[in-house]
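Asks: kindly generate the corresponding structure for this input.
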Amino acid sequence: MKNNSIKTVVATGVGAALFVVISLLINIPVGFIPNTSVQLQYAVQSLLAVLFGPIVGFLVGFIGHALKDSLTYGPWWSWIFASGVFGLIVGIVKNRLRISEGVFTTKDIVLFNGVQIAANLLVWSVIAPVLDILVYHEPANKVFAQGAVAGGINAATVAIAGTILLAVYAKTQVQSNSLSKDENE
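Replies: Coordinates of the predicted model:
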């Protein structure tokens, strides 16, 4: 149990740091919707959520987004919370995928992308805009437009970059059936 706690803390810390660095370095604005951009850190968050589960997924997004906002224009808690919920939802598939065993099939890719697309659309098209309205009294048309665009862009980004990260990671793992005992030992 202690080993899992240490892994969780380390994965959370490294993941939050990566979230911050990637979000600051790779931020491609979408010209037609203000304060909305292509965000690659969600692909890394997805990888960590699948590897370590929903708690790490939540904490990487929540802490990473809070730190990133604190370093830029100040915390925007509705979107920080949504980032956490995204990781939480994606992390739920941890036990349904065998990435750590070197297995990432077409069926796994479909499952992962179905979950991440649903999560992106839920958190950015519903949770973040509703909280923006309730907490910050933002205009509904503005925040729902931002959320819909962010959800679609994040879903596409994670579908491409997240799938690549998971596939590459799976290839680095030894499949449980790939080793056989040497008869001479």
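Asks: run the chain-centre distance for the longest helix belonging to the chain.
Replies: The longest helix of the chain (DSSP state H) is helix 2-25. Relative to its chain's centre, helix 2-25 lies at 12 Å (C-alpha atoms, centre = their mean, to the nearest Å).
Asks: following it, which helix or strand shows up next?
Replies: strand 27-29 (DSSP states H and E).
Asks: packing partners for that following strand?
Replies: strand 37-39 (3 or more C-beta pairs under 8 Å, 6 or more residues apart in numbering; DSSP states H and E). Yep, even glycine has a C-beta here, placed from its N, CA and C like the rest.
Asks: direction included, what does the worst-scoring helix or strand of the chain on mean pLDDT pair against?
Replies: Using mean pLDDT, DSSP states H and E, the weakest-scoring helix or strand in the chain turns out to be strand 27-29, at a mean of 83. Note on strand 27-29: by DSSP bridges, its sheet partners are strand 37-39 (antiparallel).
Asks: only the buried residues of the partner strand, if you could.
Replies: 38-39 (16 or more other C-beta atoms under 10 Å).
Asks: how about stretch 75-95?
Replies: Neighbour-count burial for stretch 75-95 [16+ other C-beta under 10 Å]: 76, 78-91, 93-94.
Asks: do stretch 123-133 as well
Replies: In stretch 123-133, counting by 16+ other C-beta under 10 Å, buried: 123-125, 127-133.
Asks: on that earlier part again, need the residues that contact the least confident helix or strand of the chain.
Replies: Strand 27-29 has contacts (C-beta atoms under 8 Å, 6 or more residues apart in numbering) with 36-39.
Asks: and if you look at stretch 57-68?
Replies: In contact with stretch 57-68 (C-beta under 8 Å, 6+ apart) are residues 11-12, 15-20, 23-24, 41-42, 45-46, 48-50, 75, 79-81, 83-91.
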